[in-house]
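*Asks:* task: produce atomic coordinates for the following.
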Amino acid sequence: MLNPEQLKRYADVLLWGLQTARSRRFKKGDIILIRYHAAALALAEILHRRILTMGLHPVMRLSLTPTMEKDFYSLADSRQLVFHPPGDKELYRHLNGSVFLLAPESITHLSGVDPHKIGRQSVSFKPFRDIMDQRDAAGLFGWTLCMLPTEELAKHAQLSLAEYTHLVVKACWLHRRDPVRQWDRIFKNAQEVKKWLNAMSVARLHVESDKTDLLITPGEKRRWIGISGHNIPSFEVFLSPDWRGTKGTYYSNLPSYRSGNLVSDVRLNFERGKAITVKAVKGEQFVRQQLRMDSGADKLGEFSLTDKRFSKIDHFMANTLYDENFGGKYGNCHVALGSAYADTYDGPPAKLTKALKKALGFNDSALHWDLVNTEKKRVVAHLTSGQHITIYENGQFIY
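*Replies:* Alright, predicted model coming up:
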């Protein structure tokens, strides 16, 4: 596990992320929700102390243990499955920040649970996510999250705990005396990339690798965002496309754990924006069930690219937070099935109504599932002027 000095540096980085992710500065009296797994207690205690000294109000929530979570999905009836305690909605309507400390003791304990029950519970929480999105758009809320190394994660990544911990330390710059300085540098470099991408008028993007041949339509009123403090670590630059313009084949060669299920080598074929065929070497039936979660689950909510010069992650980590930021030899692209990000709208957030989201092709779903491709690839932007520009090749942006 991380030593005391590394935990303090992690807290520094998380507070940087929390403040960077919010467009307005925090003020005394703001409410910060800290959710954490039991194995993250030491970091939660540091954050609790730091947030108090900032004059903010920490609200601490310990996550369910694997046994509790399995019991919940196994035993809960239809009412219990969608129950939310009185006061939760009021809390979310007043939250100014949220930090989630992931340190899972198990990532497979839900493998035998009916995915429909997990999906139903996820759908029931969507109104709370909508509240947070609305407050985020208004500059009243910011969030970030991180992951701490555990024996379970190391085992599924086929690493020792010491090896896994070393990769976490390296990815988050916790071996540096001042990791925040490194994150400031990455943030600045990413700003240049986003400025370059957002200056283009792109009709569609063509993604080609050995097993992927996919057309993405960015859509109207879109902007590239990323490396904003929301995730620690995060090295991706992404947008939420107009789902209706997705066409072709996408292949995810990096395995993915979701709700206790391992899937690998997922191949999706899109027509008119929908995934019409699904193949997977492992977990194919689970993928199909996820895509039936709701009406938006079989459509794209995100397209993302990671520059290998930013990311030091070069090994499968059995956790989406790290795997979606894979650097390695060729960087990565990934798509997310399900919900879109409203903050990729290039306009005043208050004007992005539900009706406008639908008109612009922003996907809406309780699902958001990142599937990662680390193959050698080329991404070509087809501009509205008719010009074609290669924007990404051999794992890095060409700018």
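
*Asks:* next up, the contacts around L95.
*Replies:* Counting by C-beta atoms under 8 Å, 6 or more residues apart in numbering, L95 makes contact with 31-33, 132, 135, 141. Just so you know, the C-beta spots here come from the backbone N, C-alpha and C atoms, and that holds for glycine as well.

*Asks:* so can I have CSV of those residues showing pLDDT and secondary structure?
*Replies:* Formatted as CSV, those follow (pLDDT from 0 to 100; DSSP: H, G, I helix; E, B strand; the rest coil):
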residue, pLDDT, secondary structure
I31, 98, strand
I32, 98, strand
L33, 98, strand
M132, 92, helix
R135, 92, helix
F141, 95, coil
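
*Asks:* quick one: the helices in this protein, in order.
*Replies:* Under the criterion DSSP state H, the chain carries helices at the ranges 4-20, 41-53, 66-75, 78-81, 88-94, 115-137, 151-156, 161-171, 179-198, 284-290, 320-323, 354-360.

*Asks:* give the buried residues for the longest one.
*Replies:* Within helix 115-137, the residues that count as buried by 16 or more other C-beta atoms under 10 Å are 115, 117-123, 128, 131-137.

*Asks:* then the last one?
*Replies:* Using 16+ other C-beta under 10 Å as the test for burial, helix 354-360 gives 357, 360.

*Asks:* can you list contacts of stretch 68-77?
*Replies:* 64, 80-81, 109-110, 113-114, 117-118, 121.

*Asks:* ugh, wrong one, stretch 353-363
*Replies:* In contact with stretch 353-363 (C-beta under 8 Å, 6+ apart) are residues 217, 219-221, 240-245, 273, 296, 299-301, 338-340, 342, 345, 352, 364.

*Asks:* are any of those residues buried, and if so which?
*Replies:* With burial judged by 16+ other C-beta under 10 Å, the buried subset of the contacts of stretch 353-363 is 217, 219, 221, 240-245, 273, 296, 299-301, 338-340, 342, 345, 352, 364.

*Asks:* sorry, back to before: which one of the buried residues of helix 115-137 sits closest to T249?
*Replies:* P115 (24.4 Å; C-beta to C-beta).

*Asks:* surely the closest one touches L291?
*Replies:* No. Using C-beta atoms under 8 Å, P115 makes no contact with L291, being 10.6 Å away.

*Asks:* for P104, which of the helices of the chain is the nearest?
*Replies:* Closest approach to P104 among the helices of the chain is made by helix 151-156 (5.8 Å; C-beta to C-beta).

*Asks:* for the closest one, which positions count as buried?
*Replies:* Going by 16+ other C-beta under 10 Å, helix 151-156 has these buried residues: 152-154, 156.

*Asks:* make JSON lines out of these and add distance to H315.
*Replies:* Below are the buried residues of helix 151-156 laid out as JSON lines (distance: C-beta to C-beta, whole Å):
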{"residue": "E152", "distance to H315": "16"}
{"residue": "L153", "distance to H315": "12"}
{"residue": "A154", "distance to H315": "11"}
{"residue": "H156", "distance to H315": "12"}
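
*Asks:* closest to L52 among those residues?
*Replies:* Among the buried residues of helix 151-156, L153 lies closest to L52 (C-beta to C-beta), at 29.8 Å.

*Asks:* so for the closest one, what's the pLDDT?
*Replies:* If you check L153, the pLDDT there is 97.

*Asks:* quick check: closest non-adjacent residue to it.
*Replies:* A318 (5.4 Å; C-beta to C-beta, 6 or more residues apart in numbering).

*Asks:* K282 too?
*Replies:* S264 (4.4 Å).

*Asks:* quick one: contacts for the one you found?
*Replies:* Under the criterion of C-beta under 8 Å, 6+ apart, the neighbours of S264 are 255-256, 280-283.

*Asks:* quickly check the residues you listed for the two that are furthest apart.
*Replies:* S256 and V281 (12.0 Å).

*Asks:* follow-up on the earlier one: from what I can see the residue nearest to L153 touches T150, true?
*Replies:* No. Contact criterion C-beta under 8 Å: A318 and T150 do not qualify, at 10.1 Å.

*Asks:* quick check: the nearest residue to T65 once chain neighbours are set aside vs E152, distance?
*Replies:* Distances taken as C-beta to C-beta, 6+ apart place A38 nearest to T65, at 6.7 Å, with adjacent residues excluded. For A38, the distance to E152 equals 12 Å [C-beta to C-beta, to the nearest Å].

*Asks:* what of L62?
*Replies:* For L62 relative to E152 (C-beta to C-beta), the value is 18 Å.

*Asks:* one more: N189?
*Replies:* Counting by C-beta to C-beta, the gap from N189 to E152 is 34 Å.
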